[in-house]
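> Below are the sequence and a predicted model for it; my questions follow.
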Amino acid sequence: MRNLIVLGGSSHPQLTRSICRNLTIEQAQVDSKKFSNGETSIEIEGSVREKDVFIIQSGCGDVNDNFIELLIMIAACKTASAKRVTAVLPLFPYSRQPDVPHAASLTGAPSISTKKDQYTFESAPSTPRPLSRGEKDREARPSSPSPIPSAVSRSNSQNSGQQNSLLGKATLKNSIVKQPTPVRNTKVPPHMPMSIVTNSAATNVPQVDVYGKTESGYKQWIAQNGTLVANLLTTAGADRCITMDLHDPQFQGFFDIPVDNLYSKPLLKHYIADYIPNYQDCVIVSPDSGGAKRATAIADVLGCSFALIHKERRAKVSNVPPSTSGTGMIYPNGSAVVATTMLVGNVKDRVCVLIDDLVDTSYTITRAAKLLKNQGAKYVYALITHGVFSGDSINRINKSDIDKIVVTNSVPQGANVEALNGKLEVLDVSRVLAESIRRIHNGESISMLFDYGW
Amino acid sequence: MSVAQNSIKLIYGNSHPKLAQLIAQRLGMETAKVCAFQYTNKETAVAVGESVRDEDVYIIQTGCGEREINDFLMELLFIINACKIASARRITAVIPNFPYARQDKKDKSRAPITAKLIANLLQTAGCHHVITMDLHASQIQGFFRAPVDNLYAEPSVLRYVRENFDLSNIIIVSPDAGGAKRVASIADKLDANFALIHKERQKANEVSKMVLVGDVRNKVCLLIDDMADTCGTLVKASDILLSNGASKVVAIVTHGIFSSNAIDKLNASKLDKIICTNSLPLEDAAAKCNKLDVIDISATLAEAIRRLHNGESVSYLFNHAPA
């Protein structure tokens, strides 16, 4: 194809190669390296003047490094007089960010601080809430692990290490140290994940109660980065954007440039129809209420029945329909939130297919699978578009009740296939992406890709 | 600090909390309860724990870290954006060491002008004003539509030299032609002689051949530059100066990046001392290298913040270091 140039970032070279193979073109060479001080350096080898350039970069691995690399590549093409630059982001970075600090953290966007070896299957992820007085109180309890030196005074904060000085500051800020509050809830799991945020400015944030309120009454919130990420791409010079299964379809509205949101639905549909025996009898399950629409769409097309797992968080546990044992989160001020998952629909002796757009920490789907098996499910598939598998999710899935997990290669899966010995299957999205690139380049409609796949 | 409307809010990212503490101490205030953290999938997020509505917000984040430089950059963008969504009146990014400052020109075909990109990104995020220090090329100020205050470490360096060296026996040396102007200005103010080393560079971060212009015999040489990255230049320059009869060589730089094995090189070198400002965190470097001495520039930054907030002139700081 004339004037078509496909470049790949360093996040997913394999996908770039297979897209180029599908398009039967040579991949353009980019010299992407890092200076010794960590700055990213980009040099595009061939001419891109007046060319239609597509840059493939997934939002995985070192998300920020890859994203900055993409921005620099776009800017480099623009300054090199490319006619049009399209960013192809199979997994869009920052498309999913929790809006409420705690509700969200209960479901599965824990901070990087989660201790690797300390989780139990039941344990809720630690909250992305930084070290505060609460933790210091908890630390005082003999049972909990204490990874930080507790005796820090203000005076030595100057010459001691960084962390010490920050702790010193925390002590300073919260000079009134409360006694540990008695634990009211009896359904506490044995392990309480400590949330020590590795980064330091964290100590700045005040203690927050269940509802995100601080002592001053200001409700702590987490900034939504979606619009900014969209604007950054536009600023760098992207003229168009291709992505896949955006977590929120509204995300498209954040852009001032055209965004083509492809769907993996046809791929997943084909997998169910081709590889699950007697698929008409299986139950399509959405692991949370947010994904219900995605799952029902597939269930409708295939004529399968549908079930939903609903997560509820209440201050008190009531006797509810089939559910996992409550997973309690005790907050330092003594209040407790219990997250219970319950199943709506019948799965007894049926094959269940969990459908979701993203598996990250895998708390949601492993818990869902456990609940399904408890309710008598025969076999549990999990069909998920983007397999990020961060933190210790691989371990958790290996130990979980999921019998088969199917993801696409929107994110490199090489290492995960081995780690999940036999449990993981990978669907190829390079054909869909290549076809959308071909159609966009030729100015053809891509809407048929939404329904039929490629 | 008045509690009335539109007061200063000081926010810092994770790149250099110590500098932020020093600035906060200097300004006699506490930092705001806004922080950045990372999820397990390595996405950055910002938690806002207090109101910044209608406030004058200063965000302190320097460009550093061999692995985290891009993380810190994204962090800065997200904090700026968070303040913007939170209706801050004015957002000022305080970036002592401007990241990607050396990628400021299209030196090869199809090379990006990344410094310009960073300037655009900062403004897209919602930055109204930038405070930085000793930009590698002051033309980077022109990459911004927003005002940029490029502070100088020079007054602090001058004070340090006056306090620690015998002025009658020093000669100021520029390790490359690009820094000649900076060095000449310092030499004038100290009333000292100056010399220049001309280097022929073949590849980035690699120095091939050096020629000394000027007489350094039996003098204490002060090598002055804006940054020390791999330190190859400084080490070679010091060898040349010593072989030309210098009695002692001391290096003074603004930004001590010390990437890859720079510290080992310094330890093995014949440099007597290396002095840099705390525009970057230096705890690790200082622990490994006893030749390192640090000039605190938090006072200059704090004073710039105070003056900017009160609408006073900042140009006083170009020639004076606050005590």
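Sure, I can see it.
> Kindly state the pLDDT recorded for residue B:40?
What the model reports as pLDDT for residue B:40 is 88.
> Sorry, slip of the keys, the one I care about is residue A:109.
The model reports residue A:109 with a pLDDT of 43.
> cool, residue A:422 as well?
Reading off the model, residue A:422 has pLDDT 88.
> What segments of the stretch 51-200 of chain B are helices?
Counting by DSSP state H, counting those that start in this stretch, the stretch 51-200 of chain B has helices at residues B:69-85, B:114-125, B:154-164, B:180-190.
> can you list the ones you listed in TSV and add mean neighbour count, distance to chain A and mean pLDDT?
Any C-beta I mention is one placed from the backbone N, CA and C, and that applies to glycine too. Below are the helices of the stretch 51-200 of chain B laid out as TSV (neighbours: other C-beta atoms under 10 Å in any protein chain shown; distance: least, C-beta to the nearest C-beta, whole Å; pLDDT from 0 to 100):
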stretch	mean neighbour count	distance to chain A	mean pLDDT
helix B:69-85	26	3	96
helix B:114-125	23	4	97
helix B:154-164	17	20	95
helix B:180-190	17	20	92
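> Switch the ones you listed over to a markdown table; also include distance to residue B:40.
Shown next, in a markdown table, are the helices of the stretch 51-200 of chain B (distance: least, C-beta to C-beta, whole Å):
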| stretch | distance to residue B:40 |
| --- | --- |
| helix B:69-85 | 14 |
| helix B:114-125 | 24 |
| helix B:154-164 | 41 |
| helix B:180-190 | 45 |
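> just so I know, which of those helices lies nearest residue A:446?
Nearest to residue A:446, of all the helices of the stretch 51-200 of chain B, is helix B:114-125, at 28.1 Å by C-beta to C-beta.
> can you state the direction angle for the closest one and helix B:69-85?
Counting by axes from the mean of the first three to the mean of the last three C-alpha atoms, to 10 degrees, helix B:114-125 points 30 degrees away from the direction of helix B:69-85.
> Next, the residues that contact helix B:114-125 from outside, please.
For helix B:114-125, the surrounding residues in contact (C-beta atoms under 8 Å, 6 or more residues apart in numbering or on different chains) are A:39-40, A:42, A:71-72, A:75, A:228, A:231-232, A:234-236, B:73, B:76-78, B:80-81, B:84, B:93, B:98-104, B:130, B:140, B:143-146.
> What of stretch A:389-406?
A:110, A:112, A:114, A:116, A:119, A:121, A:268, A:271, A:354, A:359-363, A:365-366, A:369-370, A:372-373, A:379-384, A:387, A:416, A:419-421, A:423-427, B:39-42.
> Mark which of those residues are buried, thanks.
A:110, A:112, A:114, A:119, A:268, A:271, A:354, A:359-363, A:365-366, A:369-370, A:372-373, A:379-384, A:387, A:416, A:420, A:423-427, B:39-42 (16 or more other C-beta atoms under 10 Å in any protein chain shown).
> State the distance from residue A:378 to chain B.
Going from residue A:378 to chain B by C-beta to the nearest C-beta, to the nearest Å gives 32 Å.
> mind listing what that residue touches?
Counting by C-beta under 8 Å, 6+ apart, residue A:378 has contacts A:349-352.
> need those residues in a markdown table with pLDDT, distance to residue A:261 and neighbour count, can you?
Below are these laid out as a markdown table (pLDDT from 0 to 100; distance: C-beta to C-beta, whole Å; neighbours: other C-beta atoms under 10 Å in any protein chain shown):
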| residue | pLDDT | distance to residue A:261 | neighbour count |
| --- | --- | --- | --- |
| A:349 | 94 | 37 | 9 |
| A:350 | 95 | 32 | 21 |
| A:351 | 96 | 30 | 19 |
| A:352 | 96 | 27 | 28 |
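> out of those residues, who's nearest residue A:285?
residue A:352 (5.1 Å).
> what residues are up against the closest one?
Residue A:352 neighbours (C-beta under 8 Å, 6+ apart): A:282-283, A:285, A:307, A:372, A:377-381.
> partner residues bridging it?
For residue A:352, the beta-bridge partners are residue A:283, residue A:380 (DSSP bridges).
> State the distance from it to residue B:176.
68 Å (C-beta to C-beta, to the nearest Å).
> Likewise for residue B:8?
Distance, residue B:8 to residue B:176, by C-beta to C-beta: 39 Å.
> on that earlier part again, and the contacts of residue A:378 as JSON lines, adding distance to residue A:244?
Shown next, in JSON lines, are the contacts of residue A:378 (distance: C-beta to C-beta, whole Å):
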{"residue": "A:349", "distance to residue A:244": "34"}
{"residue": "A:350", "distance to residue A:244": "29"}
{"residue": "A:351", "distance to residue A:244": "26"}
{"residue": "A:352", "distance to residue A:244": "24"}
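> Quick one: end-to-end distance for stretch B:307-322.
Stretch B:307-322 has an end-to-end distance of 12 Å (C-alpha to C-alpha, to the nearest Å).
> just to revisit the earlier point, can you list which of the contacts of helix B:114-125 are found in strands?
Of the positions in these, A:40, A:42, B:93, B:130 sit in strands, assigned by DSSP state E.
> which of those residues count as buried?
Buried, going by 16+ other C-beta under 10 Å: A:40, A:42, B:93, B:130, out of those.
> Of the residues you listed, just say which sits nearest to residue B:284.
residue A:40 (22.3 Å).
> ok, and does the strand or helix carrying residue B:222 reach over to chain A?
Taking DSSP states H and E as the definition, residue B:222 sits inside strand B:220-228. No. Figure legend: strand B:220-228 not in contact with chain A (C-beta under 8 Å from any C-beta of the partner chain); closest approach 9.0 Å.
> Pull out the buried positions in that strand.
Under 16+ other C-beta under 10 Å, the buried positions of strand B:220-228 are B:220-228.
> distance of the residue positioned nearest the centre of chain B from residue A:72?
The centre of chain B sits closest to residue B:97, judged by C-alpha atoms, centre = their mean, with a distance of 3.6 Å. For residue B:97, the distance to residue A:72 (C-beta to C-beta) stands at 19 Å.
> try residue B:146
Counting by C-beta to C-beta, the gap from residue B:146 to residue A:72 is 21 Å.
> Please parse chain B into its domains.
The record assigns chain B these domain ranges, following automatic domain parsing: B:8-152+B:298-318, B:154-295.
> for those domains, which one ends up most surrounded?
domain B:8-152+B:298-318 (a mean of 21; mean count of other C-beta atoms under 10 Å in any protein chain shown).
> so how far is it off the chain centroid?
Taking C-alpha atoms, centre = their mean, to the nearest Å, one finds the center of domain B:8-152+B:298-318 at 12 Å from the center of the full chain.
> now stretch B:311-323
Distance, centroid of stretch B:311-323 to centroid of chain: 17 Å (C-alpha atoms, centre = their mean).
> now stretch B:229-238
18 Å.
> hmm, who's touching it?
With C-beta under 8 Å, 6+ apart as the criterion, stretch B:229-238 contacts A:36-37, B:173, B:175-176, B:197, B:199, B:205-207, B:210, B:221, B:223, B:225, B:228, B:249, B:251, B:253, B:257-262, B:265-266, B:269-271, B:274.
> From those residues, which land in strands?
B:173, B:197, B:199, B:206-207, B:210, B:221, B:223, B:225, B:228, B:249, B:251, B:253, B:274.
> Please report the distance of the residue of the stretch 201-323 of chain B found nearest chain A from residue B:67.
Nearest residue of the stretch 201-323 of chain B to chain A, counting by C-beta to the nearest C-beta: residue B:259, 4.1 Å away. Distance of residue B:259 to residue B:67, computed by C-beta to C-beta: 11 Å.
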